[in-house]
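J.: Give me a model of this one.
(one chain, ligands or ions: 1)
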Amino acid sequence: MQKRFIGIGITALIILGSLSAQSVETIPLPDPQRTGGMPLFEALDKRQSIRTYSNRELSMQTLSNLLWAAYGINREDGRRTAPSARNVQEFDIYLIMADGWYVYEHNDHVLIRLGNEDLREYAGRQDFVPTAPLNLIFVADHARMAGFDPENREFYTAADVGYISQNVYLFCASEGLATVVRGLVDRDKLREVLELGSTQHVILGQTVGYPK
Ligand SMILES: Cc1cc2nc3c(=O)[nH]c(=O)nc-3n(C[C@H](O)[C@H](O)[C@H](O)COP(=O)(O)O)c2cc1C
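T.: As a prediction, the model looks like this:
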């Protein structure tokens, strides 16, 4: 158990260390509501991609529940709501909203604000993208995949991201939210504006909001 906390502390230091050049602000999230929601089969029945969004904001509770459902810790040993090959947990979820951009820090279940700029125009190549209150950007860090050869890193990140995205789809179905996962993103531009490190790779985006 002690080893796990040392590991978590080191991970947090690495994330914060890589952000040290920027003005980092921690935004606490309410505890996620880990019970309730729609029965699984109803959520599966409603799961779909939606591309028209109203400008209604998401509450902090909804954001908290969404991030926990997507990729939060659901067990004492630090494992997550989405599986990952060899449990490497290589993804970080970046958030682009009108008032700034953030990364989800799963150990403390908080948002880390990385900047106040409105980056929505870079979140995707389709017109509806900036009209939604939230765009998630799934970023894989190959530095956490030292045990995989490069070919396998790409394969497993492509597989692992699907589980996170489907968690978001099912959460949105359950909550009456609209969402669509997107491969149509300018990865080079996002890498630049999100100030990603050399081992970090943008894989997919996912838009979330209320349906219009
Ligand atoms: C890996 C992946 C990439 C996708 N990329 C985009 C995209 O860039 N833009 C978009 O509008 N939809 C995108 N989609 C959504 C698909 O178009 C959508 O899932 C498909 O049309 C089936 O519709 P459904 O999700 O409502 O079942 C993507 C889906 C997947 C799985």
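J.: for the residue most central in space within the chain, what are its contacts?
T.: By CA atoms, centre = their mean, the chain has its centre lying nearest to I93, at 2.6 Å. If you count contacts by CB atoms under 8 Å, 6 or more residues apart in numbering, I93 has them with 67, 70-71, 103-104, 136-139, 164. C-beta coordinates here come from the backbone N, C-alpha and C atoms, glycine included.
J.: how about the strands in this protein?
T.: Secondary structure of the chain (DSSP state E): strands at 25-28, 91-97, 100-105, 110-115, 134-141, 178-182, 200-209.
J.: Show me the one of those strands that comes nearest F41.
T.: Among the strands of the chain, strand 178-182 comes nearest to F41, with 18.8 Å by CB to CB.
J.: Up against the ligand, what does the protein have?
T.: 48-49, 51, 126, 180-184 (CB under 6 Å from any ligand atom).
J.: List buried residues within those residues.
T.: Listed as buried from the residues of the chain next to the ligand are 51, 180-182; burial here means 16 or more other CB atoms under 10 Å.
J.: Dump these to TSV, plus pLDDT.
T.: Listed next are these as TSV, based on pLDDT from 0 to 100:
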residue	pLDDT
R51	98
V180	98
V181	98
R182	98
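J.: Show me which pair in those is furthest apart.
T.: Checking those with CB to CB, the most distant pair is R51 and V181, at 11.3 Å.
J.: quick one, the longest helix along the chain and strand 200-209 angle?
T.: Secondary structure of the chain per DSSP state H: the longest helix is helix 150-175. If you take axes from the mean of the first three to the mean of the last three CA atoms, to 10 degrees, helix 150-175 sits at 10 degrees to strand 200-209.
J.: what packs against helix 150-175?
T.: For helix 150-175, the elements it packs on are helix 40-46, helix 60-71, strand 91-97, strand 134-141, strand 178-182, strand 200-209, judged by 3 or more CB pairs under 8 Å, 6 or more residues apart in numbering; DSSP states H and E.
J.: Redo the ones you listed as CSV? Include distance to Q33.
T.: Output for these, formatted as CSV (distance: least, CB to CB, whole Å):
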stretch, distance to Q33
helix 40-46, 15
helix 60-71, 5
strand 91-97, 19
strand 134-141, 18
strand 178-182, 19
strand 200-209, 17
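J.: sorry, back to before: what is the nearest of the contacts of I93 to G205?
T.: The closest of those, once distances to G205 are taken by CB to CB, is I137, at 5.2 Å.
J.: Looks like that closest one contacts L194 (just checking).
T.: Yes: if you go by CB atoms under 8 Å, I137 and L194 touch, sitting 6.8 Å apart.
J.: Tell me the residues that contact both of these two, please.
T.: Common contacts of I137 and L194 (CB under 8 Å, 6+ apart): 94, 202.
J.: So which of the two has more stuff around it?
T.: Using other CB atoms under 10 Å as the criterion, I137 and L194 rank with I137 on top: 27 against 20.
J.: Quick check: bridge partners of the closest residue to the more buried one other than its chain neighbours?
T.: Leaving aside its chain neighbours, I137 sits nearest to Y94 (4.2 Å; criterion: CB to CB, 6 or more residues apart in numbering). Beta-bridge pairing for Y94 (DSSP bridges): V103, I137.
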